[in-house]
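Chemist: Dropping a prediction and its sequence here:
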Amino acid sequence: MFSGDALWWATTTVTTVGYGDHFPTTSEGRIVGVGLMLAGIALVGTVTAALASWFVEQQSKEVPK
């Protein structure tokens, strides 16, 4: 169903490595690519927000009210 090049490109895109040696050339591939890029950015943002929230929660427990 998917070629090895497509899987390699999707993996490097989602992991934000993005070597640039492979890229989609069809409209459908580019649409999927944009979705993968947004998903990668959303994943990194979610993890960062969760860590920031945890740090703020830990700090608020230490500060007397």
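Modeler: Received it, and whenever you're ready, just let me know what you need. Numbering: from 1, shown residues only.
Chemist: Just give me the residue closest to the centre of the protein.
Modeler: G40 (1.4 Å; CA atoms, centre = their mean).
Chemist: Show me the shaky parts of the chain.
Modeler: Low-confidence segments of the chain (pLDDT under 70): 1-2, 16-21, 63-65.
Chemist: Please name the nearest non-neighbouring residue to the residue nearest to the centre of the chain.
Modeler: Leaving aside its sequence neighbours, G40 sits nearest to V14 (CB to CB, 6 or more residues apart in numbering; 4.6 Å). For glycine as for every other residue, the C-beta is placed from the backbone atoms N, C-alpha and C.
Chemist: Next one: the residue nearest to the centre of the chain from S60, what distance?
Modeler: In this structure, G40 lies at 31 Å from S60, with CB to CB, to the nearest Å as the measure.
Chemist: And F23, by the same measure?
Modeler: F23 sits 45 Å away from S60, going by CB to CB.
Chemist: more crowded one of the two?
Modeler: F23 (13 against 9; other CB atoms under 10 Å).
Chemist: quick one, what contacts the more buried one?
Modeler: Counting by CB atoms under 8 Å, 6 or more residues apart in numbering, F23 touches 9, 33.
Chemist: Next, it: secondary structure please.
Modeler: Secondary structure for F23, judged by DSSP: H, G, I helix; E, B strand; the rest coil, is coil.
Chemist: remind me, longest helix of this protein?
Modeler: helix 27-62 (DSSP state H).
Chemist: Thanks a lot, see you next time.
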